[in-house]
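In: Coordinates only, no sequence provided:
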């Protein structure tokens, strides 16, 4: 798979995982928010239920104090609490559990309140979003509290004689006391608490169930976020591993191939079996390497051909094309070196000039191909009869030149000449004509330094001696070949 495709897939997976992580975290945040809302509703419910109970207790307290003491301020406090409960006036800024106790002790502590009406307790209960059964219990408690409020107002009305000309009788006062202290009043007071207690139990059950459900959602969101985080971590490791295999390994293969080529192993190949871009690059490199190797092989072949051609040219320049013996040019070079060596070491040197007798008739009678066969046979016999240090070469036509280093006398050279003459005298069989021919040779000898001290004089002396030998052979001819 191509690296860019892998990266696209990994990136897509990363986006999905990050999206899942964000969703899990968002769900976790919403769950915590919902948990906070549940807790806030619990506090609000307790506050409303507590306010209903507190307002009922405050009204009871003010009614009883007024009936007992007949202090007008308690009746005023009673009516003020009733108006606050109905939302007709604003509640005090510090309407806590100790406020009215402090006011009763020190009336001067009453503080200013805001202007305008507020929501009544009933309205606030209905706006709190309670369940129907919970709301029914609060409404029942409110109705019973309102019924008890009517009794308290009746008792206050019986005692309040400020606008009447008559004074309160003892019987009327005892009746008023009975209204707010009697068994019926206490029973009615207890009836207010019963639905409130049931409301608290029912609300606690519902909110506890909601809290447990929300906590389960929070736990699920935490596990989901942790799982996604673990998958992200494992995917990061997998991505690193894939990147290492997809990039570092191919680069290492290419580096080793480059080192092999650098040290001259041009037959090396990457052989990277990969479907990524590196695999495509490897295939191109291997194709290029094969092309370069073929080009180098062709170049080597061409160089070898040129080298062989040059060697052939050099050989042809220094050797006779027919016999393969050194040519006159190479003979001169070797003779010059042999003379220099002989002079430096004070040694002798013999030079023999060879001319074949009877070759021309063979060449004329049987043709040039037969003549070439004879020349090759003579050349081979001459080379076979000499030492490795000696040199024999063809001067031209049927003439040969022999260099004999470290041969210092005519006698020693004559022995070599006798051996060679005997070798050349053997018949040569011409297969094409089914005939054997005989060819002899006249050989002249010149000795360094006895006969000459330089190359030209030595060649001239050997040539002159060859003609003398040839003349002597003509005076005493042998049988026809």
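Out: Nice, I can see it. The model shown is predicted, which means the values in this text are computed figures rather than measured ones.
In: What about residue 314, how many residues nearby?
Out: 10 (other C-beta atoms under 10 Å). Where C-beta positions appear, they are placed from N, C-alpha and C, glycine not excepted.
In: tell me the contacts of it?
Out: Contacts for residue 314 (C-beta atoms under 8 Å, 6 or more residues apart in numbering) come out as none.
In: Quick check: which element contains it?
Out: For residue 314, the element it lies in under DSSP states H and E is helix 277-318.
In: How about residue 329?
Out: Residue 329 belongs to helix 328-345 when assigned by DSSP H and E.
In: can you check residue 17 too?
Out: Using DSSP H and E, residue 17 falls in helix 3-69.
In: Tell me the spacing between residue 269 and residue 253.
Out: Distance check for residue 269 against residue 253: by C-beta to C-beta, to the nearest Å, it reads 10 Å.
In: In terms of neighbours, single out the busier of these two.
Out: Using other C-beta under 10 Å as the criterion, residue 269 and residue 253 rank with residue 253 on top: 17 against 14.
In: From residue 341, how far out is the more buried one?
Out: In this view, residue 253 and residue 341 are 61 Å apart by C-beta to C-beta.
In: And residue 316, by the same measure?
Out: Per C-beta to C-beta, residue 316 is found 27 Å from residue 341.
In: likewise residue 464?
Out: According to C-beta to C-beta, residue 464 and residue 341 sit 25 Å apart.
In: ok, back up a step: roughly how far is the helix holding residue 17 from the heart of the chain?
Out: Centroid separation for helix 3-69 versus its chain: 48 Å, with C-alpha atoms, centre = their mean, to the nearest Å.
In: what about that helix, average pLDDT?
Out: Here helix 3-69 scores 81 as its mean pLDDT.
In: Can you list the buried residues in the helix holding residue 329?
Out: Neighbour counts over helix 328-345 (16 or more other C-beta atoms under 10 Å) mark 330, 331, 332, 334, 335, 338, 339, 342 as buried.
In: how about JSON lines for these, with pLDDT and distance to residue 247 added?
Out: As requested, the buried residues of helix 328-345 are exported to JSON lines (pLDDT from 0 to 100; distance: C-beta to C-beta, whole Å):
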{"residue": "330", "pLDDT": "90", "distance to residue 247": "65"}
{"residue": "331", "pLDDT": "91", "distance to residue 247": "71"}
{"residue": "332", "pLDDT": "92", "distance to residue 247": "70"}
{"residue": "334", "pLDDT": "92", "distance to residue 247": "68"}
{"residue": "335", "pLDDT": "93", "distance to residue 247": "72"}
{"residue": "338", "pLDDT": "93", "distance to residue 247": "71"}
{"residue": "339", "pLDDT": "93", "distance to residue 247": "74"}
{"residue": "342", "pLDDT": "93", "distance to residue 247": "75"}
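In: Export those as JSON lines, with columns for distance to residue 475.
Out: Compiled in JSON lines, those are given as follows (distance: C-beta to C-beta, whole Å):
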{"residue": "330", "distance to residue 475": "35"}
{"residue": "331", "distance to residue 475": "30"}
{"residue": "332", "distance to residue 475": "33"}
{"residue": "334", "distance to residue 475": "34"}
{"residue": "335", "distance to residue 475": "31"}
{"residue": "338", "distance to residue 475": "33"}
{"residue": "339", "distance to residue 475": "33"}
{"residue": "342", "distance to residue 475": "34"}
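In: of all those, which comes closest to residue 55?
Out: Of all those, the one with the least separation from residue 55 (C-beta to C-beta) is residue 330, at 141.7 Å.
In: burial measure for the closest residue in space to the closest one that isn't next to it in sequence, as a count.
Out: Excluding the flanking residues, the one nearest residue 330 by C-beta to C-beta, 6 or more residues apart in numbering is residue 318, at 4.0 Å. Using other C-beta under 10 Å, residue 318 is surrounded by 16 other residues.
In: I'd say residue 318 and residue 329 touch.
Out: Yes: assessed by C-beta atoms under 8 Å, residue 318 is found in contact with residue 329 at 6.1 Å.
In: can you list residues touching both of these two?
Out: Overlap of the contact sets of residue 318 and residue 329 (by C-beta under 8 Å, 6+ apart) is empty.
In: give me the low-pLDDT residue ranges for this protein?
Out: Filtered on pLDDT under 70, the chain yields the residue ranges 1-3, 89-118, 161-166, 246, 266, 272-280, 477-481.
In: Okay, the residue lying closest to residue 81 once chain neighbours are set aside and residue 78: tell me how far apart.
Out: Spatial nearest neighbour of residue 81, chain neighbours left out: residue 58 (5.1 Å); criterion: C-beta to C-beta, 6+ apart. Distance, residue 58 to residue 78, by C-beta to C-beta: 8 Å.
In: Show me the protein divided up by domain.
Out: The chain resolves into domains spanning 3-226, 266-318, 325-475 when parsed by automatic domain parsing.
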